[in-house]
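1. what's the 3D shape of this:
(chains A and B)
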Amino acid sequence: MIEGILIGLTTALTFQNIFMVMIGCFFGTIIGMLPGLGPMTAIALMIPITYGFDPATGLILMAGVYYGAVFGGSTSSILLNAPGVPGTVATSFDGYPMAQQGKAGKALAIAAWSSFAGGTLAAIYLLFLAPSLSKVSLSFRSPDYFALMVLGLTAIAAFSSKGQFIKAMMMVVLGLMLASVGQDSLSDITRFTFNNMNLTDGISFVLVVMATFAMSEALTIILKRNDPTAAAKQVSLTELGSIRINKEERAKMLKTIPRTSIIGFIIGVLPGAGATIASFLAYGMERNLVKDEEKEKFGKGSVHGLAAPETANNAACSGAFVPLLTLGIPGSGTTAVMLGALLGFGIQPGPRLYMTNPEIFWSVIMSMYIGMVILLILNLPLIPYIARILAVPKNYLIPLILFFSITGIYVMSFNNFDIYLMIGIAVVATFMRLYDFPMPPLILAFVLGGLMEENLRRSLLLSDGSWTFLWDRTLTACILATTILIVGWQIYKTITKKN
Amino acid sequence: MNINTTKIISLLFFIFSAFYLYTAYQIQVFAFDENAPFNARTFPIYLGYAGLFFSGLKLILPDPNTIKVEHKTLEYKKTAILVLIAIIYGATILKVGYFLTTSFFLMGSYYFLGERRWFLMFMLSFPFVAGFMYLLHGVLDIYLRDPFLKLIGVMG
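-> Numbers count the residues shown, from 1 in each chain, chains lettered A, B, ... in the order given. Now for the predicted structure:
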């Protein structure tokens, strides 16, 4: 492991890679700060650029963007009460009241330090857990992988659907259907191409991500421009106050950070859960654990209330890399986007990544930590300046997002058809978003579609067409039992809600 | 059964799934693969049935969390114009070239979104695109097809 850490450090600490982390953190923070645009949009916009670099550098850039976007989301939560990403909704509960009390600078500093501490602790957990998980996951066979993918898709549908499980499952099926377009991987038979040569190679992953996130996000912002419920508040950027944290506040943070980092990391590791659930759970848990007098301050600018979700969401971001790097199964929509990018580089994440590409495995883990340090160094002094980005008029922002999306596709294929297809998917996605059809399950399903079919094919061929492979192995049966529990819980919730 | 837009979307998805399933059955597989436990049409067929199942379920079950969208407050016109500009951009980018079409796309989008500060609009279109092109083409060595710039001799 020490050798691996050194390989990772050597790769991550080159001038080019440190520069990439800095660029990633900076742009991630800016994009994450803009309400409605989260890490997924930020990473999606970066993918075409990363293809110009080697895989390690590309991934390091994306990791920087990821953490930057999560921190950026906290900034808009605290300053505008308009969370840039769902994972920072809980941050606004105490961050925004603190900003209203004229302590916006302090709130941002607490958020930055808590994110740093949460991310650092999670990187340490990841450092020790990932290699052992890699060894365990080497015993996985095709049926286990198939069951694990079903679990991942069901879990993300359950957790991201805001109680609309069936809608989320419809999006999962749609994602798998989109992934089935093009040549069959084994027989090369074309499917659903309708004799259109442009579809023979299937639909590009970048195209689907750009359409469903960046472009449809931009169209939704325009569509809801006059919506009175949309956050259109402006903040007086001159009233940020001091960013110094006093001794008493530091003591409070020291109590909150260790426990919420553990819960954040564990939730992040679970497929489909992610930063949003981690931050809410950590907020609730912290409220139960503090003294009664502190409990009263929750929702009114509590230091515990701000530090808890911030620590947990960053720890969950690191935790989400565990299933991605060790099993090749993304734990969240954002890591699904990163999985797609990895496949684009020709790298198949999974237990063998640890052995075949140790420089990538370890440099990603190391660059996460370096990303945290840079995020802190870069963002703390720049808080007052970065906050001004919030004043960018949408008249400029939206066309620029559309421009980056279309350019991203254009430079990859030089094909008009892909641009039309992207616009078409974006329009449909925008309409579906209006009616609360979640997009992360679609992306996760699209990324996993090919792998899922491959593993099902192997399992069915090995069992001579019999579905007994689902319960022949204890591991497969356990994973499927978990899936059934999740589905059962969703059905139970739906029934009890109606009653 | 209460009919709302979510149900209509579910109905459309149901029809789409039925069409997908029909097309899945039409996939031509090799003769020796016809009776294999798994061939090119197996997974799509399962997906087609899954689509029918979930959309059917959404259609049948009552919808307690009906989403009400205030259509009056939505900016359909501006969104449609923006989509139209993007389509025109997509249609002309290969023939006219990246620089001109992208610059006009940005200028047009700013204008239709209500911007009237011409100097800022200009700076964030033509010089901005030129800088971005230099970054892609000159620094990152990503090829950008541009017949217009080639015609006037700016690009090789």
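2. would you mind finding the longest helix in chain A?
-> In chain A, taking DSSP state H as the definition, the longest helix is helix A:104-137.
3. hmm, stretch A:441-460 touching chain B?
-> Yes. Using Cβ under 8 Å from any Cβ of the partner chain, we find that stretch A:441-460 touches chain B at A:M452, A:E453, A:L456, A:R457, A:L460. Bear in mind the C-beta positions are built from the backbone N, C-alpha and C, glycine included.
4. any idea which element the second one lies in?
-> Taking DSSP states H and E as the criterion, A:E453 maps to helix A:440-462.
5. quick one: the residue located most distally from the centre of chain B from chain A, how far?
-> Each residue of chain B has a distance to the centre, and by Cα atoms, centre = their mean the biggest one is for B:F32: 38.5 Å. Going from B:F32 to chain A by Cβ to the nearest Cβ, to the nearest Å gives 10 Å.
6. hmm, stretch B:38-47 in reach of chain A?
-> Yes. Using Cβ under 8 Å from any Cβ, stretch B:38-47 reaches chain A at B:F38, B:N39, B:A40, B:R41, B:T42, B:F43, B:P44, B:L47.
7. what about A:G465, neighbour count?
-> Using other Cβ atoms under 10 Å in any protein chain shown, A:G465 has 12 other residues around it.
8. give me the element B:L12 is part of.
-> In the assignment (DSSP H and E), B:L12 maps to helix B:5-26.
9. just the pLDDT at A:R388, thanks.
-> A:R388 carries a pLDDT value of 64.
10. my bad, should have said A:K162
-> 63.
11. please tell me which one of the residues of stretch A:441-460 next to chain B counts the most neighbours.
-> Neighbour counts for these (other Cβ under 10 Å) peak at A:E453, which has 25 neighbours.
12. relative to A:L127, how far out is the closest residue to that residue other than its chain neighbours?
-> Leaving aside its chain neighbours, A:E453 sits nearest to B:F43 (4.4 Å; criterion: Cβ to Cβ, 6 or more residues apart in numbering or on different chains). As for B:F43, its distance to A:L127 is 38 Å (criterion: Cβ to Cβ, to the nearest Å).
13. would you agree A:V150 is in contact with A:L480?
-> Yes. Using Cβ atoms under 8 Å, A:V150 makes contact with A:L480 at a distance of 7.2 Å.
14. outline the domain layout of chain B.
-> If you go by automatic domain parsing, the domain ranges for chain B are B:5-69, B:73-151.
15. from the centroid of chain A, which residue is nearest?
-> A:T334 (2.8 Å).
16. hmm, that one is touching A:Y67, no?
-> No. In this structure, A:T334 is not within contact of A:Y67 by Cβ under 8 Å, at 10.7 Å.
17. check contacts around A:Y145.
-> A:L327, A:I329, A:L451, A:N455 (Cβ atoms under 8 Å, 6 or more residues apart in numbering or on different chains).
18. do A:S405 as well
-> A:L45, A:M210, A:A211, A:A214, A:M215, A:A218, A:M422, A:A426.
19. helix, strand or coil for it?
-> helix (DSSP: H, G, I helix; E, B strand; the rest coil).
20. quick one: it and A:I5, what's the gap?
-> In this view, A:S405 and A:I5 are 38 Å apart by Cβ to Cβ.
21. please apply the same query to B:L124.
-> B:L124 is 45 Å from A:I5, by Cβ to Cβ.
22. more neighbours: which of those two?
-> B:L124 (21 against 13).
23. poorly predicted segments of chain B, please.
-> Counting by pLDDT under 70, chain B has low-confidence residues at B:1-3, B:65, B:140-141, B:156.
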